[in-house]
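**Student:** model this:
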Amino acid sequence: MSVRLNHTIVWCRDQQVSATFLARTLGLAVPTRFGPFLVVEAANDVSLDFHEVDGEIASQHYAFLVTEAEFDEIFGRITAQGGPYWADPGASRPGEINTNDGGRGLYFPDPDGHLLEIFTRPYGSGAP
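**Tutor:** This next block holds a predicted model:
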């Protein structure tokens with residue numbers, strides 16, 4: 001059996017705002033409607049399905065493996081938006097990029113407080 005992640009639900013206050021933020025920032029296709037969800041498709045056949053809720057939203061973490069060129073493009077969009085970013089998930093290294101495993105990575109928030117991550121080398125694949 002080959003088990004693969006197919007989709008995950010991303011809870012949000014305004015699915016248009018949140019799904020569009022993710023798609024634009026990562027350079028992905030415009031979100032599409034599927035039932036009550038606004039869907040953002042990643043390149044590896046995994047979708048993030050945005051669903052609106054009232055009340056508190058628990059912060060989740062979504063990590064995206066990208067190429068070096070994609071990192072530069074995404075980082076450019078993050079900085080152009082003027083949003084914060086950190087080298088670590090604890091947000092103790094603001095305005096920095098990490099070099100874990102010989103690649104580059106950073107964390108940034110989405111409109112609902114989810115912690116998004118882009119990185120260029122899978123963890124454990126290179127130098128410390």
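**Student:** partners of the residue positioned nearest the centre of the chain in the sheet?
**Tutor:** In the chain, the centroid-proximal residue (CA atoms, centre = their mean) is Leu116; its distance is 3.8 Å. Leu116 has the following beta-bridge partners by DSSP bridges: Tyr62, Phe108.
**Student:** that one and Asp54, how far apart?
**Tutor:** 23 Å (CB to CB, to the nearest Å). Where C-beta positions appear, they are placed from N, C-alpha and C, glycine not excepted.
**Student:** isn't Pro94 up against Pro84?
**Tutor:** Yes: with contact defined as CB atoms under 8 Å, Pro94 counts as touching Pro84 (6.4 Å).
**Student:** quick one: contacts of stretch 49-61?
**Tutor:** By CB atoms under 8 Å, 6 or more residues apart in numbering, the surrounding residues in contact with stretch 49-61 are 7-15, 18-19, 31, 34, 36-40, 89, 112-117.
**Student:** of those residues, which belong to strands?
**Tutor:** 7-12, 34, 37-40, 115-117 (DSSP state E).
**Student:** filter those residues down to the buried ones.
**Tutor:** Neighbour counting by 16 or more other CB atoms under 10 Å classes 7, 10-12, 37-40, 115-117 among those as buried.
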